[in-house]
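Participant: when you get a sec, could you give me coordinates for this:
(2 chains, ligands or ions: 1)
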Amino acid sequence: MAGQRVFLGWSRPALQQAAELLVQRSRSNRVCDLSHLVVVVPGRRSGRRLLELLTEAADGNLVPPRILTQGRLPEELYTPQRPFASDLVQKLVWSQALQTVPNSCLSSIVRQPPAAEDFQAWLRLGDLMRRQHLELAADQLDFADVAREGVLLDGFDESERWLAMSKVQQQYWKLLDELQFWDQQTARLVAIRQRECRTDLDIVTIGTVDLNRTLRAMLDQVADRVTAYIDAPEDWADRFDAYGCLISERWSDLKIDLASEQLVMADDAAAQVDAIVETLTNLDGQYSMEDITIGVPDSRLVPLVQRSLLAEGVPTHWPVDRPIPSTSPYRLLEAAVNFLEDHRTDSFSELIRHPDFSQWLNHQKISPDWLSQWDQFVCSYLTPRVEWFPDTSDDRSVNISRQLYRTVQAVLVPLASAKVKLSAAADPVREFLIAIYGNRLIDPRDPDDARLRDVLSQVQEAFDSHASLPSVLDLEMSVVDVVRLTMSMMNGELYRPQTESAIQLSGWLDLPLDDAPVTIVTTFNEGYVPESVNHDLFLPNRLRTHLGLEDNVRRYARDLYNVVCMSHSRRVLRLIVARRDAMNEPLTPSRLVFATEDENIPERVLRFYAHRGRKGIRGEPYGAISQFKIPRPTPRENAPTAFRVTELRDYLASPYRYYLRHVLRLGVASDAVSELDGAAFGVLVHDVLNSFGTSDFRDTTSAVEIASFLQQKLKESIDQNYGPTPLAAVLIQMEQAKRRLMAFADWQSEWRREGWVIYSVERDVEIEAPATIANGKQVTLRGRIDRVDYHPDTGRWALFDYKTGDAGNAPDKTHRHQGEWCDLQLPLYRHLAADFGAVGDVQLGYIVLPRDTNSVQALFGEWSSEELAEADEVARDVITDILEERFWKVLPEPSGSLSEFDAICQEGVFGREAVL
Amino acid sequence: MSRKKTGEAGSENTPAAVAQRLLIRASAGTGKTFQLSSRYIAILRNSSPEKILASTFTKKAAGEILERILTRLAKAVLDPKELKMLADSVGPPPLSREECLKLLGGLTRNLHRIRISTLDSFFSQLAGSYALELGLPPGWRVLDPLEIEQIRASAIDEMLNTGTPHDLVQLMHLLDKGKSSRSVSRLITETISNLYYVFLAAPEESWERIPDYPFLAPETREMLRVQIEETPLDKVSLSKARAGDVDAILNEDWESLLKKGLMPKVISGEMKYSRVEIPEILRQPYEELYRHVLASVAAPWRNQTLAARRLLKDFHAVFERLKHAASGLEFGDVTRRLAQAQTQSRLVDSSFRLDASIDHLLLDEFQDTSPEQWNVIRSFAEEACRNSGSSFFCVGDTKQAIYGWRGGEAALFDLIADELPGTADSQIELNLSYRSSPAIMHAVNVAMQRLTHHDNLDDHADAMHEWGQRFPEHRTARENLSGYVCLRTLSERNADATPADEEAEEPTEFWAEVAAYVRDRRREAPTASIGILTRRNRSVGRMIFELNQLGIEASEEGGNPLTDSAAVQLLLSLFTLADHPGHTAAAFHVAKSPLGAILQWTNFNDTASRGQFSEALRRRLVDRGYGGLVHELLPLLAPYCNRREYQRLVQLSDLADRYDGLFADLRPSRFVDFVEQQRREEPSSASVRVMTIHQSKGLEFDIVILPELDVSLYQPPKYVSHSPAPGAPPDLVALYRNQAHFESLGGDLEVARKETQNKLFQEALCLLYVALTRPVRSLHILINPKISKKLPKTFTGLVRAAFAPDVPITPHTVLWEYGNPQWYLDLPVSNKNEEPAASTEPEQPRAIQFASQSSRRYWKRQSPSGTKAPVQLSLKRVLNSGLSTALTKGTLFHRWIQEVEWIDDGLPSASHLRTLGHQSGVSEPVIEDWLKSFSMMLESDWCQHLLSRKSYVSEALSPCRPELRQEIEQNSVRIHVRNECPFTVRSAPDELLNGCIDRLVVFERDGEPVAADVIDFKTDDVSQGPEALKERAESYFPQMAAYRVAVSHLLRIPEEQVSVRLAFLFAGEVVNVPR
Ligand code: SF4
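Facilitator: Numbers count the residues shown, from 1 in each chain, chains lettered A, B, ... in the order given. Purely as a prediction, here's the structure:
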């Protein structure tokens, strides 16, 4: 080893100094030409910044050096002879390797190996092996090394396991070799072993204090070309090795002198933001936004910081735009394969709601309200899977939904193929994506559009990359499975460049080389700074230390070094130590807080735990009273003249809600149906009962005949409305309905025996309202009477409504509440009945079919004529109020009905504007 | 300070002061955390932190334990008095300041190795380290509770969708006890939520314990009926009752036979009906018929219970499968897996993967430990008790066991003494409070010792008696602290409230009255902390609202539905509309609200407009996430909000962020459902805090107000169960039925019922105990002045029985009081930390300012391919670019051609090119093929022209100006070629242009560049003809123009001296880029 070390000192930001030094190495006088250099930096971000500084130092024109992060350096130092196995290939081969070792071997690794056909589970297991391999190989180790070295460690009892894993590893190498691939990690080790590392470029590392062993061994072979720029002064030299890496042990007891104002204690996430705001305020305008960086080691804090600072008028920039799985095209593919896989109605409903898919649908020849119609269809027919449409042509929702389904099906054809080679899967996916997106024109300057473009090309690339799979690994599977497999590997993130002036937010690891004069670090807490490993499935900390892998000591040293650099090179440094995290769970301070003289520790402990009250919210954006108002009724254009006898109860319950439902005709839409709701269940039973009322069996006294008729009708009705394979819940409900109908059959036969005959069913009646109700106006009453019975012997009439609610309440209970009329349906029936001559002894009642089948029976409203007259008066008043548009009436207490308008009426809101 | 019963010292390696085994029963306020932290510090003197596991039940509590340890050490260093106290509690040898400093230094340097955590998180570490041994899916994680809820719902959904209908029909009928309720999903959901926990714990046989009695044959019954009917009776009352019985027999109404008529009298052996003797001859037929009655009670019950289990089993299978598919587990699953694994091989040898052996165990809140948790931890405990150099400690209070519903099993506390070697003799009880005033302690003692004065809880007589027996007299160390306790009634309200209304919500006036009472207490003692402890979650919000009405800020710790805010409801309507354009109610709500103006949409009546608006919203949600959208709207809605509405919106935005992190679905309705189920608390530093009694555990307040004790002690259980021993799995499980059924079947069932109800009763007592022990100084119990014959079976009943059993109930009366009503006079007059918002004017917030001048640190990047890009880009082209093989071939040709310097100087070797090919993953037959076409390409005229020196002097071919051509010919200008030349140019003060030129030919006169030729290789497919070529070439012109600028900057030559050419390799076309 003979690398050269250059100590940059802390007088100025390291990157700036490095840039100036580098520019001096130009190989041309005319233009700054650094193309003979490879510069290695710890992170993407510092590389980016370095390029700017270099350009600046080179007066604006530069042939730049190659700037790499340390992970990319090795391949510059040797020539790979074969292609490297991609992540997918590695996973596949690892999982094959696992499946080909003897069982005895496998069982020392995993107690219950996955089932042979559980492809995903094997893949995941393969991935687990792969990750151990990556980590060990980075430090020049393989599984056998662990088995061998481990023995020397006290308490190590896992040789058997590592030897078994070593067998798998050998199998992995063998398989990969047969496929003519190289494993990248292994290739590096081979290059080292065969002393193949060479380069004709000069290598400069900047602030890379933590190079792994493999990389250092490679550098050894080209040591005369290596220069390490170290962000520290000369007199710290003995804490760094020849390549500028930290010598961990020489850092563990180092004390740092953080000034007490540099440590800021905060209670929780909100208090951290307060502390940031306070710090910024106290800068008193001495710095520009560009001069400030906020470190955010806990990325969960990012949204809060961004939004709170924006509220203060301070824009911030966080480089991560979003994870790929949350992007629109990704979610489209996901929704599409979800539907193809299970054909469930739910999945279909989700797919068509994808905005890109919706947009595409809008350009197809379907009625523009296809989504509302689809909801309607789902609610009415409850099909669990999209495969059946009822045989009717007069239901608009069915027609449109059928058309919608066919359109969707057609566009999904490419993805529906059951067998395709992985290598050939890109084409169907492309075909589908072109169908959906192909006609879109985008403006790449728009961030949303640019993101769309980037994701689409990344998605496409991911599928295209399978093209190079060797034929052995080129498995055949359904397109759906290929999509799943491919997408499971696309878990990266999209980045966004900074375009406007803003304060930079930065992860912890990017901070050290950052050259902002002001740095505020949040969540300066244990577990974040530094991170640590205290238990592990394979490599617990002691074993790591023993093997020389990255361990807690190394992590500590690195972060301590970072803090030291920052405290020396920043003009303002604030480390915010929080007591609770974004989820309000307790935190402990970073150990670095206590890297001080022992005598200082007690004070810092007490300061951390001292109780602090939260300062009030800055500049409260809200007012003293809530301005959310319930919209007032507005005058209607045409006054109605006709009223359904059933609608008046809505007015009685709540005039305002009556207005919403009957004047504005507002309603709800939903497709969250897991079973028949009360109304649908009622319709089902009503339909069956009505067809009974018009059938030839209407006069029979035989309960058996009635029962068998009802049963058959029920079955027909279900078949017609819910298809051949209805929801299990519907079938159960059919059973429940059947039980009730059977009980009805018994009651009906008894009733018939008493002499009652069915006079009419579902009779629609419309009459001029009697004068007592019309009150001098032109008023029509309408209604449909479920069933009218007549007793020829006595001349009595019975007007019935079927009731299928679980409870089976009597008419009086539903019509009157605490002595007041709250429903007028049955009393008004008697006026309707007069229209067809049902006068005299007229009974008003329900035929109830409740949950308790023993209580299936007729229940009558036993009202006196005075009471009925009072009902008429109520009807008159209600109609008058409606005609005079008295809809804004505050109620003494919530009525609990027409609950679909709860949100509009602020139901449940403390301090609501009014009870309506 | 405490009464140590016995207890031997630990073995030699343990410090003398640390008994190897210690169990502490610590009553409320007696310094449990103090004990635990003392113990921890004592152990720490001879051990390192990773060997000490201290566990408790919440992360918050774990944080508090660590806080206590660290601050006690820190204070001991700084203050000799504190040092002495610490030294006393830690024991010999005497602790010195230096040692404290050393211990503190050691701990703070090893914060990452400290194991003070919840049991759940310790178990997750354990499971994480043994995932492959435990059969956990690789990459597993603990699911967020929100995810669990979703998975649970999907599992139920799946059963309802795809279950075998016939089975389900059968099952429903049984579950519904022969009734036919309409809603299937509710029945299933309820069954699962009520019984899933016991399903997991109880083995299958335990569900089959309801007897399977045979029914009598119809003939037999008929015979018995005749026998009963024909027995001559002389008393009218008897024959009347008998007639009823006969009717019941004919109607097969066994239920009424069980409860009414002669049957109960015969069976009980009383043989008297209304004081009339029942003839002996009736005994036999009745007794025989009773067997049938029993069978008719047992059969449906048994079937229902079995049906429930079958349902749970089906659900379990689906639920497990879905969780497995999500590679996720619940904490409970982790614990169960570990417990199972422990039965096979012990994980105590886990020290290697945990990086240390656990030598010392300190278990806090032991009464809340569940049997499964104990099964995992037991072997650690056994080792700790047995091995020298180890120790075991646990502390808890069975009187505060209020988490039975979460699986906590207080009886385990009594059990460990038997199970762990040597612990039986190492128990300590602490009953000396360091919290409460003597008045409070007196009230606690009275209340807890006089439970038996309640005249209406016969069912629980034994439990009450036992509680009283076990209850230790509480004392306090703060003997001179004045305090006050009262039990008082509030105003009379609606008199016709029936007993059934016991669970009904209290009306608004009630809470207003409580709020006024709180205000009065606050006036008396402005600096005191006040805790208002409710019984129900929903009461917290009510209380807060009423307090706010009186201008009292309160910290809300109960958690209320977010939907109690108009602003939140409005946003939910917005999301609903996004999902359902047909939802006109939501559309109206949005359009007529401030949102309508903000989003500029009011056309709620128009179908097409709703459709567009809803799609635009869905797009925003996909692009920004729920959190993003809410945050965008937040500042716009803020002006319409009051403080509470605004807080609610902030909470909604946090929740939305969290949701975005967990789910990425396309259904806004799901988010709406999710929000509707969420409760959110709003803790603040206000001195008045409102929370449920459950949440108050572990807290203390100067004043405690209990306004909601008028509720039942417990809800009837959903099921009963019986375990052979505490912590053992149940050996009997049955659904709950009415008491008569239990009594008629008797036996183990009845035992189980009593046991179950007693447990619930005990938990209620624990809850009362927790409530009563929260105050430091004063306690106010506010009750309704409702008159009843007997004491109600409520918490109020219990306190009345204890404090004022005989005082008549009237409104606004103090039924009982104790202590000094003016206790607050010794409080400090004002406390400057108190409520800064209320007392001091908030200082004018200073604005954040920035300097305007600075060197920009972040430059805009202009990549040449992005410069002045066409405004409209077709996505078809993006998607069509790079059809896979074309891509590889293109890349490789691009790479190869850059190996050519001057074609006149010779070609790169085929083997070199082949290696490059291999590196890019192209394999043999293909490479051979491509090499061939590559060399053909090089031989082609256009390539020769493009890459040769000669062509630069040819008039026809050279891109150079004539003067330059001449100079080249005369050799006064020399030509250099450079392949792959990167460049970076500052194109504006804060703008970088960077890229890479494929082939750069530079013309130099006397070493000074004078001109340049830029060649860019393109591998596009332009085979469709000249039009396509032209179009494609032109699309590159902006990029090429940028190259020209860059080269002119770089070489410092005028732009006119730079020629730029595009070479389409596969088409063999070279296009000059116009200057
Ligand atoms: S109260 Fe007792 S235990 Fe607590 S510090 Fe004082 S002497 Fe020690």
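
Participant: residue numbers of the stretch 451-600 of chain A in contact with chain B?
Facilitator: Counting by CB under 8 Å from any CB of the partner chain, the stretch 451-600 of chain A comes close to chain B at A:452-453, A:456-457, A:460-461, A:464, A:467-468, A:497-499, A:504, A:515-516, A:526-527, A:530, A:532, A:534-537, A:540-543, A:552, A:585-589, A:591, A:593-594, A:598-599. C-betas here are computed from N, CA, C, even on glycine.

Participant: show me what residue of chain A gets nearest to chain B.
Facilitator: The nearest approach of chain A to chain B comes at residue A:586, 2.7 Å away (CB to the nearest CB).

Participant: quick one: contacts for the nearest residue to that residue once chain neighbours are set aside?
Facilitator: Spatial nearest neighbour of residue A:586, excluding adjacent residues (CB to CB, 6 or more residues apart in numbering or on different chains): residue B:63 at 2.7 Å. Contacts for residue B:63 (CB atoms under 8 Å, 6 or more residues apart in numbering or on different chains) come out as A:585, A:586, A:587, A:588.

Participant: give me phi/psi at the third one?
Facilitator: Note on residue A:587: backbone dihedrals following degrees, to the nearest 10 are phi -120, psi 160.

Participant: that one is in contact with residue A:576, isn't it?
Facilitator: No. Using CB atoms under 8 Å, residue A:587 is not in contact with residue A:576; the gap is 11.2 Å.

Participant: quickly list what's touching both of the two.
Facilitator: If you check residue A:587 and residue A:576 against CB under 8 Å, 6+ apart, the residues they both contact are residue A:523.

Participant: name every strand pairing with the helix or strand in which residue B:976 is found and say which way it goes.
Facilitator: Element membership of residue B:976, judged by DSSP states H and E, is strand B:973-988. In the sheet containing strand B:973-988, its partner strands are strand A:61-63 (antiparallel), strand B:991-1005 (antiparallel), by DSSP bridges.

Participant: follow-up on the earlier one: out of the residues of the stretch 451-600 of chain A next to chain B, which are buried?
Facilitator: Buried members of these, counted by 16 or more other CB atoms under 10 Å in any protein chain shown: A:452-453, A:456-457, A:460, A:464, A:467-468, A:498, A:504, A:515-516, A:526-527, A:530, A:532, A:534-537, A:540-543, A:552, A:586-589, A:591, A:593-594, A:598.

Participant: which ones among these also lie next to the ligand?
Facilitator: Cross-checking these against the ligand (CB under 6 Å from any ligand atom) gives no overlapping residues.

Participant: show me these that map onto strands.
Facilitator: residue A:504 (DSSP state E).

Participant: report the central residue of the chain.
Facilitator: No chain was given, so I picked chain A. Nearest to the geometric centre of chain A sits residue A:326, at 7.7 Å (CA atoms, centre = their mean).

Participant: think we crossed wires, I meant chain B
Facilitator: In chain B, the centroid-proximal residue (CA atoms, centre = their mean) is residue B:145; its distance is 3.9 Å.

Participant: so the residue nearest to residue A:586 is in which element?
Facilitator: Here residue B:63 is assigned to helix B:59-78, by DSSP H and E.

Participant: how about that helix: buried residues?
Facilitator: B:59, B:61-78.

Participant: now stretch A:95-114
Facilitator: Judged by neighbour count using 16+ other CB under 10 Å, the buried positions of stretch A:95-114 are A:95-99, A:101, A:105-106, A:108-110, A:113-114.

Participant: extract the C-alpha set from that stretch and format it as PDB.
Facilitator: Extracted C-alpha coordinates of stretch A:95-114, given in PDB (Å, rounded to 0.1, in the frame of the first residue of the first chain):
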ATOM      1  CA  SER A  95     -33.200 -20.300  -5.200                       C
ATOM      2  CA  GLN A  96     -32.200 -23.100  -7.600                       C
ATOM      3  CA  ALA A  97     -29.100 -23.700  -5.700                       C
ATOM      4  CA  LEU A  98     -31.100 -24.000  -2.500                       C
ATOM      5  CA  GLN A  99     -33.400 -26.500  -4.200                       C
ATOM      6  CA  THR A 100     -30.600 -28.700  -5.500                       C
ATOM      7  CA  VAL A 101     -28.600 -29.200  -2.300                       C
ATOM      8  CA  PRO A 102     -29.500 -32.300  -0.300                       C
ATOM      9  CA  ASN A 103     -32.300 -32.100   2.200                       C
ATOM     10  CA  SER A 104     -30.100 -32.600   5.200                       C
ATOM     11  CA  CYS A 105     -28.100 -29.600   4.100                       C
ATOM     12  CA  LEU A 106     -31.200 -27.500   3.500                       C
ATOM     13  CA  SER A 107     -32.700 -28.300   6.900                       C
ATOM     14  CA  SER A 108     -29.800 -26.800   8.700                       C
ATOM     15  CA  ILE A 109     -30.600 -23.600   7.000                       C
ATOM     16  CA  VAL A 110     -34.400 -23.500   7.100                       C
ATOM     17  CA  ARG A 111     -36.400 -25.800   9.400                       C
ATOM     18  CA  GLN A 112     -39.400 -26.100   7.100                       C
ATOM     19  CA  PRO A 113     -38.400 -25.500   3.500                       C
ATOM     20  CA  PRO A 114     -41.100 -24.000   1.300                       C
END
